[in-house]
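S.K.: Need a 3D model of the sequence below.
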Amino acid sequence: QAQLVESGGGLVQAGDSLRLSCTVSGRTSAIYAMGWFRQAPGKEREVVAIISVSGGVTYYTDSVKGRFAISRDNAKRTVYLQMNSLKPEDTAVYYCGVNREGFSRAKQDYDFWGQGTQVTVSS
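M.R.: Predicted coordinates for the structure are as follows:
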């Protein structure tokens, strides 16, 4: 079992930056690939960024490339999402997830999720 806690969301203006954090705790000491997803009202949860166990491989959905950066600190069991040049269309609840099987963009492959953190970008 793993517990994930996200933080760092908030209300910002277009063009501002935020950094989200997701810390993993629980009985397992293993390190897994992790991802950030987001869900806007009335929409499906979609992948935003993924990072491999070592941090050496990352993936970004097209709409955030060049603006968002995912990173991790395995000693702290924490994954970060640096979000720059935020746009109103980035408004959503952001979730982090753990994927015990590997590197995947599919939300159904993620085993544990955090409670989410709200990001609201005003125009």
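S.K.: What are the boundaries of the strands in this structure?
M.R.: Along the chain, counting by DSSP state E, strands occupy 3-7, 10-13, 18-25, 33-39, 46-51, 58-60, 68-73, 78-83, 92-99, 112-113, 117-122.
S.K.: wait, which of the ones you listed is closest to Arg105?
M.R.: Of all the strands of the chain, it is strand 46-51 that lies closest to Arg105, at 4.7 Å by Cβ to Cβ. Placement of C-beta: from N, CA and C, glycine included.
S.K.: what residue ranges in this protein are flagged as low confidence?
M.R.: Scanning the chain for pLDDT under 70 picks out 28-29.
S.K.: Quick check: the residue nearest the centre of the chain vs Ser123, distance?
M.R.: Closest to where the C-alpha atoms of the chain average out (Cα atoms, centre = their mean) is Trp36, at 2.2 Å. Per Cβ to Cβ, to the nearest Å, Trp36 is found 23 Å from Ser123.
S.K.: returning to what we had before: tell me who's in contact with the residue nearest to the centre of the chain.
M.R.: 20, 22, 47-50, 70, 79, 81, 94-97 (Cβ atoms under 8 Å, 6 or more residues apart in numbering).
S.K.: ranking those residues by neighbours, who comes first?
M.R.: Of all the contacts of Trp36, the highest neighbour tally under other Cβ atoms under 10 Å goes to Cys96, namely 30 neighbours.
S.K.: Distance check, it against Asp73.
M.R.: Cys96 sits 14 Å away from Asp73, going by Cβ to Cβ.
S.K.: Just to check, Gly10 is in contact with Tyr94?
M.R.: No - at 11.0 Å, Gly10 and Tyr94 do not qualify as touching, with contact defined as Cβ atoms under 8 Å.
S.K.: Overlap of the contact sets of these two?
M.R.: Residues touching both Gly10 and Tyr94 (Cβ under 8 Å, 6+ apart) are 118-119.
S.K.: residues touching the residue nearest to Arg77 when sequence neighbours are not counted, list them.
M.R.: Taking Cβ to Cβ, 6 or more residues apart in numbering, and ignoring the residues beside it in sequence, Arg77 has Val24 as its nearest neighbour in space, at 4.5 Å. The contact partners of Val24, by Cβ under 8 Å, 6+ apart, come to 2-4, 34, 77-79, 98.
S.K.: That's all I had, so thanks and see you.
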